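Undergrad: Need a 3D model of the sequence below.
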Amino acid sequence: MNAYTKKVRDTSLALYAALNLYDQKKAELVKKQAAGMIAPVDSMRQLEENAAIFNNAKSAHFVKLDQLINEYAAAYESWATPSGKDVTEDMALLTSGLKLSPEDYEKLEAKYKNNYTMLKAIKSNAQTNKVDYASSASIDRDQKTRAFLELVGVARKVYQGAETGFSLNNVIFEDESEFMKWYGELDRIIELG
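TA: Purely as a prediction, here's the structure:
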């Protein structure tokens with residue numbers, strides 16, 4: 001899981017934790033009130049305080065997601081800057097005139113999936129030589145941004161299902177392997193190296 005996918009997931013898990021705490025405190029107050037251990041007025045006051053804590057957590061969730069959008073955009077700009085220091089000896093393959101197969105391009109992409117400069121050179125060389133291959137890495141700003149915003153959109157909706165007491169997203173977000181089954185493709189596109 002890449003760092004930005006993890007940050008979105010962790011932000012959502014923090015909201016789930018706040019909701020679980022809210023639910024636990026609410027259940028305790030209902031039991032205490034039913035047992036006559038707390039006056040209804042005190043129970044209501046504590047429920048309101050508890051709701052305020054959850055609402056603050058929900059607000060923090062949305063603020064953090066907005067911050068992550070800006071952080072991701074800045075990280076993309078930093079990553080997507082060609083640099084001579086990132087050119088490797090495999091550049092000789094791309095400039096040698098050697099005819100590379102689609103499989104060769106796929107292997108090179110896999111090898112340099114975190115190196116923007118080499119990915120750009122590989123993609124450019126394949127395009128120039130009119131070689132179609134199954135690309136495994138994206139350098140396209142729009143594609144990466146759309147994927148990140150899609151993941152953030154899912155995270156924004158997380159609380160809606162959580163407030164009803166059950167959410168499939170809750171189950172998915174809490175279990176990392178399940179999360180990656182659903183959002184692994186977005187994670188792959190979002191990766192910045």
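Undergrad: Against which helices or strands is whichever helix or strand Ala52 is part of packed?
TA: In the assignment (DSSP states H and E), Ala52 maps to helix 40-79. The elements that helix 40-79 packs onto, with contact taken as 3 or more CB pairs under 8 Å, 6 or more residues apart in numbering; DSSP states H and E, are helix 3-34, helix 141-163. Just so you know, the C-beta spots here come from the backbone N, C-alpha and C atoms, and that holds for glycine as well.
Undergrad: Out of those, point me to the one whose mean pLDDT is lowest.
TA: Confidence, taken as mean pLDDT, is least for helix 141-163 of those (a mean of 84).
Undergrad: Report the angle between that helix and helix 40-79.
TA: For the pair helix 141-163 and helix 40-79, the angle between their directions (axes from the mean of the first three to the mean of the last three CA atoms, to 10 degrees) equals 170 degrees.
Undergrad: Quick check: which ranges of this protein have low pLDDT?
TA: Low-confidence regions of the chain, defined here as pLDDT under 70, cover residues 159-171.
Undergrad: mind giving me the domain split of it?
TA: In the domain annotation for the chain, the residue ranges read 3-80+140-190, 84-128 (automatic domain parsing).
Undergrad: Select, out of the ones you listed, the one closest to Ala134.
TA: If you check each of the domains of the chain against Ala134 by CB to CB, domain 84-128 wins as the nearest, at 5.8 Å.
Undergrad: Name the residues of the helix or strand containing Met180 that are buried.
TA: Met180 belongs to helix 176-190 when elements are defined using DSSP H and E. When neighbours are counted by 16 or more other CB atoms under 10 Å, the buried residues of helix 176-190 are found to be 179-180, 183, 186-190.
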